[in-house]
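Have a look; sequence and predicted model below, questions after that.
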Amino acid sequence: LALERLRGGGSSMVANCGYGRGYSVMEVLNAVKDVVGKDFEIRLRGRRPGDPAAIVADPTRARNELGWRAEYDDLRKIVGHALDWERALARRNHH
């Protein structure tokens, strides 16, 4: 959609892609455990200096100006796709 905008003479822009809500680190780690099908140790530590309390992408501009909407709004599906991509990269780099 962004490329179509540029090819049509539109100006470049900066826009967030996301769902407008975030996940905690624990939610992501638990989703990874579920997708991988293995348990692993999690060591809890305090927040590092400078770490934000939360980061959430606001996709309003992408939706309003490009008509873009996130396709996958399911954390386990997102983790599964990311894992598939990482595995494909690993296979390609080991050949």
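Here it is on my side, so go on.

so which strand or helix has Trp85?
helix 75-93 (DSSP states H and E).

Mind giving me the packing neighbours of that helix?
Applying 3 or more Cβ pairs under 8 Å, 6 or more residues apart in numbering; DSSP states H and E, one finds that helix 75-93 makes contact with helix 25-36. Quick note: C-beta positions are derived from backbone N, CA and C, even for glycine.

So what touches the helix it packs on?
For helix 25-36, contacts defined as Cβ atoms under 8 Å, 6 or more residues apart in numbering pick out Tyr23, Asp39, Phe40, Ile42, Leu75, Arg76, Ile78, Val79, Gly80, Leu83.

and the following helix or strand past that helix, what does it pack onto?
Using DSSP H and E, the helix or strand that directly follows helix 25-36 along the chain is helix 60-66. Here helix 60-66 touches helix 2-7, going by 3+ Cβ pairs under 8 Å, 6+ apart.

Output the helix it packs on as PDB, nothing but the C-alphas.
The C-alpha trace of helix 2-7 is given here as PDB (Å, rounded to 0.1, in the frame of the first residue of the first chain):
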ATOM      1  CA  ALA A   2       2.900   2.400   0.800                       C
ATOM      2  CA  LEU A   3       4.500   1.600  -2.600                       C
ATOM      3  CA  GLU A   4       1.200   2.200  -4.400                       C
ATOM      4  CA  ARG A   5       1.000   5.600  -2.600                       C
ATOM      5  CA  LEU A   6       4.500   6.600  -3.800                       C
ATOM      6  CA  ARG A   7       4.000   5.300  -7.300                       C
END
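
rewinding a little: compute the inter-axis angle for the helix holding Trp85 and helix 25-36.
Going by axes from the mean of the first three to the mean of the last three Cα atoms, to 10 degrees, helix 75-93 is angled at 60 degrees with respect to helix 25-36.

Give the buried residues for helix 75-93.
Leu75, Ile78, Val79, Gly80 (16 or more other Cβ atoms under 10 Å).
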